[in-house]
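[1] Here is my input, please return the structure:
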Amino acid sequence: FASAGTAFALEPTDEFYVNDYVGVLSSRDADYLIQRGRNLHAQNGVQVVVVIVDNYIGETMDAFANKVFNDFGIGAEDYDTGILLIVAVDDGEVRIELGDGVTGQISDSKAGKILDDYFLPDAQEGDLASAVYRTYVQLIQEGSRLDTPGGSDGDGSSGSLIASVIGIICLVVAIAAIVL
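    Numbering: from 1, shown residues only. This is a model prediction of the structure:
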């Protein structure tokens, strides 16, 4: 992508849940992650979004992640139940940004452990696509365990928590095992 200096602002892609501006993910993997993101949001209102850029524009990765999180409107406005996985490829940086509605249930140290366990091993081996994929799937799994005010039926209205969390977790684990 082309930057416009400090006035640069990212816009979410039409797919919202997967914003790969660099082409790291295959279309098959991106489609799978998009579907998982949509399902989780319908289940309990949590939005897990990945943004992959060449580099970030801003003072720090933390500031850039926070700006993207807010500009994209990740997580329901009333509940702030969003999780952002942001990767700056050329800068060699990755961060998980958490909305206030999930920070009581996913700590910064747990987010760091997710990166250590799921992102870093593959990234250090040069397989960035797998690193992003595995981390996103783990964040979906974490998101499915969250106690949230409710899901969305697509129009922003609240719904009840779907009792199929175990089924979704099993599906994610099974597909991840096949891919890995």
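
[2] can we go C-alpha only for contacts and neighbour counts from here?
    Noted.

[3] Relative to residue 124, how far out is the residue most central in space within the chain?
    Nearest residue to the geometric centre of the chain (CA atoms, centre = their mean): residue 49, 3.2 Å. Residue 49 is 22 Å from residue 124, where distance means CA to CA, to the nearest Å.

[4] Kindly report the same for residue 110.
    20 Å.

[5] How about residue 52?
    Counting by CA to CA, the gap from residue 52 to residue 124 is 17 Å.

[6] and if you look at residue 10?
    27 Å.

[7] More neighbours: which of the two?
    The residue with more neighbours, out of residue 10 and residue 124, is residue 10; 15 against 10, by other CA atoms under 10 Å.

[8] Now do the same contact list for that one.
    68, 71 (CA atoms under 8 Å, 6 or more residues apart in numbering).

[9] would you say it is within a helix?
    No: Residue 10 sits outside any helix when classified using DSSP: H, G, I helix; E, B strand; the rest coil, being coil.

[10] That one and residue 69, how far apart?
    Counting by CA to CA, the gap from residue 10 to residue 69 is 10 Å.

[11] Residue 115 too?
    18 Å.

[12] Could you do residue 140 as well?
    17 Å.

[13] Next: residue 89.
    18 Å.

[14] Same question for residue 101.
    13 Å.

[15] and what of residue 129?
    From residue 129 over to residue 69 (counting by CA to CA), the distance is 21 Å.

[16] With residue 135 instead?
    Distance, residue 135 to residue 69, using CA to CA: 17 Å.

[17] on that earlier part again, neighbour count winner among residue 89 and residue 69?
    residue 69 (22 against 16).

[18] Enumerate every residue touching the more buried one.
    Neighbouring residues of residue 69 by CA under 8 Å, 6+ apart: 84, 97.

[19] Mind doing that once more with 7 Å?
    residue 84 (CA atoms under 7 Å, 6 or more residues apart in numbering).

[20] Angles on the backbone of it, please.
    Per-residue torsions, residue 69: phi -50, psi -50 (degrees, to the nearest 10).
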